[in-house]
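1. need a 3D model of the following:
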Amino acid sequence: MQHAQFDPTARQALAVAAVDAKTRRDLSWQQLADAAGLSVAFVTAALLGQHALPESAAKAVAGLLDLDEDAVRLLQTIPTRGSVPGGIPTDPTIYRFHEMLQVYGTTLKALVHEQFGDGIISAINFKLDVRKVADPEGGERAVITLDGKYLPTRPF
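-> Numbers count the residues shown, from 1 in each chain. A predicted model of the protein is given here:
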């Protein structure tokens, strides 16, 4: 049976412990994802408190991180999602995503509605990919793919 968490503090404390263990063991997010058998984006989000992991994945990552049975159980609970509490984020990386949505949010909305109609892009039926590519002008570029299912608004 699946269970839900309604107080995010337990998952936040587990996220702190998981990141600490990951750092102490010099593991990458990709190594944890490989052990879980899931995508790096999903496992990272789960360990940061945003998704529930299937039992086998929870046991696999807990084993690598030396987390106890309570942590394995908690990793399987459905969390209270949302990682940017109140207001404008202050972390520079998260702030830049906020800035991108401030600049391009209305453009994305206009293009989605023109192409699909009235509705939303799901963050539940969703895939995320982050890749590093060479910039032809020198340096590197980040290619971020957000792949969500379109859900139309239905009159009732």
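2. please count neighbours and contacts with C-alpha atoms only from this point.
-> Fine.
3. now for the worst-scoring helix or strand of the chain on mean pLDDT, which elements pack on it?
-> Among the helical and strand segments of the chain, the one scoring lowest on mean pLDDT, DSSP states H and E is helix 92-116, with a mean of 92. When contacts are defined as 3 or more CA pairs under 8 Å, 6 or more residues apart in numbering; DSSP states H and E, helix 92-116 sits against none of the other helices and strands.
4. what's in contact with that helix?
-> Contacts of helix 92-116 with the rest of the structure, by CA atoms under 8 Å, 6 or more residues apart in numbering, involve 88-89, 119, 150, 152.
5. pLDDT added to those, as a markdown table?
-> As requested, these are exported to a markdown table (pLDDT from 0 to 100):
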| residue | pLDDT |
| --- | --- |
| Ile88 | 86 |
| Pro89 | 87 |
| Gly119 | 95 |
| Tyr150 | 96 |
| Pro152 | 96 |
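6. beyond the helix or strand containing Ala17, next helix or strand please.
-> For Ala17, the enclosing helix or strand under DSSP states H and E is helix 9-24. The C-terminal neighbour of helix 9-24 among helices and strands, as given by DSSP H and E, is helix 29-36.
7. okay, that following helix in CSV with CA atoms only?
-> What follows is helix 29-36 as a C-alpha-only set of coordinates in CSV (Å, rounded to 0.1, in the frame of the first residue of the first chain):
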residue,chain,number,x,y,z
TRP,A,29,23.5,11.2,-9.1
GLN,A,30,24.0,9.0,-12.1
GLN,A,31,25.5,6.1,-10.0
LEU,A,32,22.5,6.3,-7.7
ALA,A,33,20.1,6.3,-10.7
ASP,A,34,21.9,3.3,-12.2
ALA,A,35,21.5,1.4,-9.0
ALA,A,36,17.8,2.3,-8.8
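8. kindly calculate the angle that it makes with helix 9-24.
-> Here helix 29-36 points in a direction 110 degrees away from that of helix 9-24 (axes from the mean of the first three to the mean of the last three CA atoms, to 10 degrees).
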